[in-house]
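In: Build me a model from this:
(chains A and B)
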Number of protein chains: 2
Amino acid sequence: MPTFNAPLRDLRFVLHEVFEAPRLWARLPALAHSVDADTADAILEEAAKVTGQLIAPLNRSGDEEGAQWLNGEVSTPRGFKQAYATYINGGWVGLSGNPGYGGMGMPKMLAVQFEEMLYAAGSSFALYSALSSGACLAIDAHASETLKTTYLPPMYEGRWAGSMCLTEAHAGTDLGLIRSRAEPRADGSYSITGSKIFITGGEQDLTENIIHLVLAKLPNAPTGAKGISLFLVPKVMVNPDGTLGARNAVSCGSIEHKMGIKASATCVMNFDGAIGHLIGEPNKGLAAMFTMMNYERLSIGIQGIGCAEASYQAAVGYARERLQSRAATGPVAEEKAADPIIVHADVRRMLLSMKAMTEGGRAFACYVGQQLDLAKFSDDALEQQQAAALVALLTPVAKAFFTDTGLDSCIHGQQVFGGHGYIREWGQEQLVRDVRIAQIYEGTNGIQALDLLGRKVVANGGEGLRSFTAQIRQFASQADAPFAAPLLDAVQRLESTSDWLLTQAKGSPNEVGAASVEYLHLFGYVAYAWMWARMAAVARQHHAQDPAFYSAKLATAEFYFSRLLPRTLGLEACIRAGSAPLYGLSAEQF
Amino acid sequence: MPTFNAPLRDLRFVLHEVFEAPRLWARLPALAHSVDADTADAILEEAAKVTGQLIAPLNRSGDEEGAQWLNGEVSTPRGFKQAYATYINGGWVGLSGNPGYGGMGMPKMLAVQFEEMLYAAGSSFALYSALSSGACLAIDAHASETLKTTYLPPMYEGRWAGSMCLTEAHAGTDLGLIRSRAEPRADGSYSITGSKIFITGGEQDLTENIIHLVLAKLPNAPTGAKGISLFLVPKVMVNPDGTLGARNAVSCGSIEHKMGIKASATCVMNFDGAIGHLIGEPNKGLAAMFTMMNYERLSIGIQGIGCAEASYQAAVGYARERLQSRAATGPVAEEKAADPIIVHADVRRMLLSMKAMTEGGRAFACYVGQQLDLAKFSDDALEQQQAAALVALLTPVAKAFFTDTGLDSCIHGQQVFGGHGYIREWGQEQLVRDVRIAQIYEGTNGIQALDLLGRKVVANGGEGLRSFTAQIRQFASQADAPFAAPLLDAVQRLESTSDWLLTQAKGSPNEVGAASVEYLHLFGYVAYAWMWARMAAVARQHHAQDPAFYSAKLATAEFYFSRLLPRTLGLEACIRAGSAPLYGLSAEQF
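Out: Modelled structure (predicted):
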């Protein structure tokens, strides 16, 4: 039975030492009085308990049992209801919510660390509140004061959940094609009709109410993506005093049978003239929904890190215990029949790949969280604007790179177990199945890559990219910066490849799509190189305080630079082959 | 509901045009009168029917239902029993079996193509006979005449199945640790006692008998791998006249609950003084078992190709139908709401990656099959010996590279489906789950890589490798060889990296293990480059006969060389980083 222990020491290393979050918080007026190092530590410790002791023990049984649908009602697996009740009592759903409506107002840098633990403990359980947090963000940013006052407090409390209703059977990536419609009603509300698919937590038995954020089209709306509006549609109608009224005309038609996240209900949701409220401006729904989607994209990225961390912990434990063959350099555990497999080079390669990518991702998530906090809380307009630009640039990288490499890590973690990795009871194969969805939902990783290269790099002539690489160059130019030479080399590769693509993209519309996924990976490896150089700098500085801990960081950084970063050589060469080789075949010739 | 159509035109292209198999068969005495182009085509066509119409329709339901264990009996999913009966009537189990005992004596070059179809149609179903074919091979090569006469005919017929009992709970990779023991009995047979795990098809309801090949230790056997013997242990005792007698003391204790291949029973097998017969010499069991294992390794490699082909067919079909967004160069299907996603560069990248790797693998499997046929049937001792050396070199590459890239392909094929790829009914996620085991069983891919680099390259000072690369150089030196420059460049990279490793390995025992997996991938990419250059040469030559078909081959070759082969740059750089970065942490520091 797999267990999960939150990597508190590593989380604190990133938060306190590498990013010195408490110093940042102290200078931001909105945070200075609500969070400091001690508060953060107390929250992380409590989060470790909740995730490790309450949620993780339900992960295997939740997978075996799955969510069940019967006559429109969804039952979550045994234990979820009680655990969810305990969980929301801790106030976790509103952790980074607006304090004006009952949120805890904690910084994102802290929230990303909590989310990592949550996904590591159980992706399915995590999703029931992850969507709520995102829905709250969209409501807080775009809804009327009345809607905010009515809906945010119980959602932050976790008594009500949120869902995100975008996809229709014929409209996934291309939301401009949606057919759900919204008819204005005399009282200013709307009547929503349509069918949505793949709705995570669209129905469940955990909360009193579910607040659906629904994309639909107003009468005579412009065609395509410019004619989409966003509506708040409660499962149960809410009276003006906040009490619950009649059931709304929303129902769950069925749930999907999936590869993984089986305890998470993925619903077909039918809206049959359901009453809804417009959020934000008519026909600007996609922009409003993107507030939620960007939040979710980072969150889903963190699912990749969380699953990889869980898989890593299990794999290291197994590799220390499992005895098989002797070390190439001679017996290590002579008293035993064979050596623990952690002595073998290839097992170490797998474990170190997992470790380097997971910790690199953890640091990068904290960095993106820092930029989100600056964009939200800074009182310096320029700083705020720069941070917002970085968030836009880095969100697709976080979502796709965390999850692509998260799958790789979980596959490594499964491989370390040999045959046992394929057996359900050990939990490693579940992590592979559970993490796999994170490359698909919230915009496939292919779409993230298009967003990165097309909208965030090429569209602004590489300006956003240069503000990011300038930070890396500045770091690497410090006299004592570790790994400065390979880091600069990697940045140079990213910049020159980007420049080449900027030129190519002018003449050939297919270049962006042809290069995008490999480009995102190149970007990710360079970003992690910066993270590892920063972690190495701190580890060097603090080495004497805890040599075992910090020397492991230095050794992992060394592994990253020597054995993983060189993959960028192949990525660059593939990108520079251009789009022509993709168009040598007609559709019929495939 | 996914369907499978055997890619007959592509299979024939490889067999008849690229490798000119009928010409080879005509000059080998054992084959000249039993197989020619027409026979091969007839067999392939019949195989296409059996796999596409009989086996493939059971693949989804077989996954949902799974194999079931009750009181020691295993039930295969609905439809398997009837389908198996029809299947064995076709003689498929004995396709490449020894004609002296009822086999069909067909060449391996043909058998690998049949196996690809079989795995594409359904991995679980395929496994019930794949183990039989391998067991027959070991019996044919090492058992006494009496055993051969008694056991081979019903096994080739498929009335009896075979299993392969190696692994014990504490002994997987390290078989030297096994505890199962064999006590001699007065009549020359042995009494076998022990418990084996992960036994594919150890129990089932498809055949009258199951012939277990079991590794066990004789009394006073040397310790470790040198003290292992191989025994034939029937589930039901066989009378001297070949009729069935009493049940032997073999029982199935339970079956595993797995990630995939759920319709294949993976059994715990208990031998409680079961009567068995020694195969081959005492204490030489591992060598005898390797006859079977090498066969199985190529077969399991082909599982990777088969699953990838099935995933590719579905993904292409979906990409041609699914309408989403417009092509970057402007609308292609103006009359529709959006363009089919096959117009998008990134979708093409995924499909072409699948196509190039699957067809590259298919050609390489045929090449390895050719070497197996030469090793078995050639009447030229030198040719036979060279072919056997190539088989030894290339078997681990085939097993691991086919399956590592097979998983990649199935993940691409799932990704092309977007959210639907994660839903069970579409079948794409099943292929990911089913193919994943192929990287683990029959020796993990890490073990294959150690075998390749340690035993097959370093141990003979690179001699085996050079005989392989010499063939590629010879091809590339022809005046009209397509892709000669990048092919020579790739071979040069493989050779120089190998030379570097030969030097490194002398001083440092960990170098082989540190480099092995990336080395195997480097080797695989170079081998596929040769395959694609050969396919391109034939496609160029025959172009006028079927321009659509052959230009697709040329375009796919172009894609392979420009967009996939450059990955070798990163692989080489990672290898050359050496083993030191893997040993910077103690076991406790992970």
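
In: give me the number of residues near residue A:174?
Out: Other residues within reach of residue A:174, judged by other C-beta atoms under 10 Å in any protein chain shown, total 19. (Each C-beta comes from the backbone N, C-alpha and C, glycine too.)

In: List the contacts of it.
Out: B:323-325, B:338 (C-beta atoms under 8 Å, 6 or more residues apart in numbering or on different chains).

In: ok, now residue A:34?
Out: Here residue A:34 is in contact with A:99, A:105-106 (criterion: C-beta under 8 Å, 6+ apart).

In: Ok, residue A:481 next?
Out: By C-beta under 8 Å, 6+ apart, the neighbours of residue A:481 are A:475, A:487, A:533, A:537.

In: Widest-spaced pair of the contacts of residue A:174?
Out: By the measure C-beta to C-beta, B:323 and B:325 form the most distant pair in the contacts of residue A:174, at 8.5 Å.

In: Need the overlap of contacts for those two.
Out: Residues touching both residue B:323 and residue B:325 (C-beta under 8 Å, 6+ apart) are A:174, B:338-339, B:341.

In: Please produce a markdown table containing these, extended by pLDDT.
Out: Below are these laid out as a markdown table (pLDDT from 0 to 100):
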| residue | pLDDT |
| --- | --- |
| A:174 | 92 |
| B:338 | 96 |
| B:339 | 97 |
| B:341 | 98 |
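
In: possible to save these as a markdown table with distance to residue B:214?
Out: Output for the shared contacts of residue B:323 and residue B:325, formatted as a markdown table (distance: C-beta to C-beta, whole Å):
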| residue | distance to residue B:214 |
| --- | --- |
| A:174 | 57 |
| B:338 | 59 |
| B:339 | 58 |
| B:341 | 51 |
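
In: Among the contacts of residue A:481, which ones are in helices?
Out: A:475, A:487, A:533, A:537 (DSSP state H).

In: Show me the two of those that sit farthest apart.
Out: Greatest spatial distance among those (C-beta to C-beta): A:487 and A:537, at 10.9 Å.

In: what residue ranges in chain A score low on pLDDT?
Out: Residue ranges of chain A with pLDDT under 70: none are present.

In: for the one residue in the stretch 201-350 of chain A that gets nearest to chain B, phi and psi?
Out: Residue nearest to chain B within the stretch 201-350 of chain A: residue A:345 (3.1 Å; C-beta to the nearest C-beta). According to degrees, to the nearest 10, the main-chain angles of residue A:345 amount to phi -60, psi -40.

In: My read is that it contacts residue B:581, right?
Out: No. Shown here, residue A:345 and residue B:581 do not form a contact pair, counting by C-beta atoms under 8 Å, at 10.3 Å.

In: Longest strand in chain A, please.
Out: strand A:266-279 (DSSP state E).

In: I'd like the C-alpha coordinates of that one written as CSV, please.
Out: Taking Å, rounded to 0.1, in the frame of the first residue of the first chain, the C-alpha atoms of strand A:266-279 are listed here in CSV:
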residue,chain,number,x,y,z
THR,A,266,-16.1,13.2,-15.3
CYS,A,267,-19.6,14.1,-16.3
VAL,A,268,-21.9,14.7,-19.2
MET,A,269,-23.9,17.8,-18.0
ASN,A,270,-27.2,18.7,-19.5
PHE,A,271,-28.6,22.2,-19.2
ASP,A,272,-32.3,22.3,-20.0
GLY,A,273,-33.3,25.9,-19.7
ALA,A,274,-31.3,26.1,-16.5
ILE,A,275,-31.3,29.6,-14.8
GLY,A,276,-27.9,31.3,-15.0
HIS,A,277,-26.3,34.6,-14.4
LEU,A,278,-24.0,36.4,-16.7
ILE,A,279,-20.4,36.8,-15.5
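
In: Packing partners of that strand?
Out: Strand A:266-279 makes packing contacts with helix A:123-142, strand A:160-165, strand A:190-200, strand A:209-216, strand A:229-234, strand A:250-255 when contacts are defined by 3 or more C-beta pairs under 8 Å, 6 or more residues apart in numbering or on different chains; DSSP states H and E.

In: May I see the buried residues of it?
Out: A:266-271, A:274-279 (16 or more other C-beta atoms under 10 Å in any protein chain shown).

In: These into CSV, with extra columns for distance to residue A:29?
Out: As requested, those are exported to CSV (distance: C-beta to C-beta, whole Å):
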residue, distance to residue A:29
A:266, 41
A:267, 42
A:268, 46
A:269, 41
A:270, 46
A:271, 42
A:274, 41
A:275, 40
A:276, 36
A:277, 32
A:278, 33
A:279, 28
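
In: Determine which two of those residues are furthest apart.
Out: Greatest spatial distance among the buried residues of strand A:266-279 (C-beta to C-beta): A:266 and A:278, at 26.7 Å.

In: Against residue A:183, how distant is the most far-flung residue of chain A relative to its centre?
Out: What lies farthest from the middle of chain A is residue A:335; by C-alpha atoms, centre = their mean that is 45.2 Å. Relative to residue A:183, residue A:335 is positioned 78 Å away (criterion: C-beta to C-beta, to the nearest Å).

In: Next: residue A:434.
Out: 39 Å.

In: ditto for residue A:352
Out: In terms of C-beta to C-beta, residue A:352 sits 58 Å off from residue A:183.

In: Those two: which has the busier surroundings?
Out: Higher neighbour count among residue A:352 and residue A:183: residue A:352, with 24 against 12, using other C-beta under 10 Å.

In: and the closest residue to the more buried one other than its chain neighbours, how many residues sit next to it?
Out: Among residues not flanking residue A:352 along the chain, residue A:559 sits closest, at 4.8 Å (C-beta to C-beta, 6 or more residues apart in numbering or on different chains). Using other C-beta under 10 Å, residue A:559 has 25 other residues around it.

In: what sits against residue A:559?
Out: Contacts of residue A:559 by C-beta under 8 Å, 6+ apart are A:352, A:356, B:581-582, B:584.

In: Could you give the bridge partners of the closest residue to residue A:284 other than its chain neighbours?
Out: Distance criterion C-beta to C-beta, 6+ apart; nearest residue to residue A:284, sequence neighbours excluded, is residue A:229 at 7.3 Å. Note on residue A:229: beta-bridge partners by DSSP bridges are residue A:216.

In: Many thanks, we can stop here.
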